[in-house]
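1. have a look at this fold, sequence not included:
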């Protein structure tokens, strides 16, 4: 009966000090320092990837909308200007936000898109598509400090308010 009633404690309880059961303060601080260092390196890298992914989404939207504009031009002999203030039927043909698919919405998009005449031309001759990041009508938290506003004209000219060589592939 003595062997059944006796509890079997781990070896640390058999005369070892109580501190041997846990982690020391130095060990915890070491782990905390390593974790904070990894976090300090990972968060900016992750943020950079998110910005680049949203920039690619904006570029893809400009290319897709330019293709639609060219199709519209071949049928109507002029381009179509649009913006976030465009009427609903026009928005269905040319959405003013970046994003594709049935789940795309303005609130989840990073860029507000507008189409206007190129400088020195009419809308019938040349169209300029502009993707403006983080406006009040789309995800206002998104900002692209490197590239800013992306643009694409019907003449094939690509641009940005930042250094264009870094903004367009």
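-> Okay, I see it. Since this is a predicted model, take the numbers as computed values, not measurements.

2. leaving out the residues flanking it, which one is nearest to residue 106?
-> Residue nearest to residue 106 in three dimensions, not counting chain neighbours: residue 97, with 4.2 Å by Cβ to Cβ, 6 or more residues apart in numbering. (C-beta placed from N, C-alpha, C; glycine too.)

3. what pairs with that neighbour across the strands?
-> On the basis of DSSP bridges, residue 97 is bridged to residue 112.

4. any idea which helix or strand carries the residue most central in space within the chain?
-> The residue lying closest to the centre of the chain (Cα atoms, centre = their mean) is residue 54, at 3.2 Å. Per DSSP states H and E, residue 54 falls inside helix 25-76.

5. which helix or strand lies directly C-terminal to that helix?
-> Using DSSP H and E, the helix or strand that follows helix 25-76 in sequence is helix 88-93.

6. and that following helix, what's buried?
-> Using 16 or more other Cβ atoms under 10 Å as the test for burial, helix 88-93 gives residue 91.

7. one more: stretch 157-169?
-> Applying 16+ other Cβ under 10 Å to stretch 157-169 flags 159, 160, 161, 167 as buried.
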